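*Asks:* quick one, structure for this:
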Amino acid sequence: MLELVAASMLIGTTLVPALQIMTRSLEVTRKLTTSEALATLGASMLEKSLAQTSSTWSTASSSGNFSSDGYPTIGYTVTRSDAVTDGGIPNSLMAIQVTTWDDRNNNGRWDTGEPTVTFASKVARLTTYDYEARIS
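*Replies:* The predicted structure follows:
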């Protein structure tokens, strides 16, 4: 009987902390996976926006989620503006900002406490770009 009690104590003192460590590591893995998806999808959306801006030079804002890519809870907003207040120069420099977030409550907008990643860039409108776009 003493051996059974000793074995139970040994299992209890080693198994409980091991399970706690596993639980924490799963939580950290989930957070890292979400952060990686936010960064990867945000960078991809920024590249698409840079290409669209170079070819069309249209100012626009858009938002949505990445359901078609398998991430229905990750939302995004894209803002393209050549306004001076946004860091652009009318008809010369376009400021682009992409924000992705983990929409934990599925309400379609960013709320305090939801993790976000923001990327920003600028595109200059050069005569050579316009010429290349017309002859292509």
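*Asks:* now do whichever strand or helix holds Arg30: which elements does it pack against?
*Replies:* Under the criterion of DSSP states H and E, Arg30 resides in helix 2-56. Helix 2-56 sits against strand 71-81, strand 93-102, strand 116-124, helix 127-135, with contacts defined as 3 or more C-beta pairs under 8 Å, 6 or more residues apart in numbering; DSSP states H and E. Every residue, glycine included, has its C-beta placed from N, CA and C.
*Asks:* need the residue closest to the centroid of this structure.
*Replies:* Closest to where the C-alpha atoms of the chain average out (C-alpha atoms, centre = their mean) is Leu38, at 2.4 Å.
*Asks:* would you mind measuring from that one to Asp102?
*Replies:* 7 Å (C-beta to C-beta, to the nearest Å).
*Asks:* quick check: beta-bridge partners of Phe66?
*Replies:* On the basis of DSSP bridges, Phe66 is bridged to Tyr71.
*Asks:* quick one: low-confidence residue ranges for the protein.
*Replies:* 127-136 (pLDDT under 70).
*Asks:* my guess is the residue nearest to the centre of the chain contacts Thr73, does it?
*Replies:* No: using C-beta atoms under 8 Å, Leu38 makes no contact with Thr73, being 10.6 Å away.
*Asks:* any common contacting residues for the two?
*Replies:* Listed as contacting both Leu38 and Thr73 by C-beta atoms under 8 Å, 6 or more residues apart in numbering are Asp102.
*Asks:* phi first, then psi, for Thr112.
*Replies:* Dihedral angles phi and psi of Thr112 (degrees, to the nearest 10) take the values phi -50, psi 130.
*Asks:* next, Asp111: secondary structure please.
*Replies:* Classification of Asp111 using DSSP: H, G, I helix; E, B strand; the rest coil returns coil.
*Asks:* next, it: phi, psi?
*Replies:* As for Asp111, its main-chain torsions (degrees, to the nearest 10) stand at phi -120, psi 150.
*Asks:* which residue sits closest to it in space, ignoring its chain neighbours?
*Replies:* Excluding the flanking residues, the one nearest Asp111 by C-beta to C-beta, 6 or more residues apart in numbering is Asn105, at 6.5 Å.
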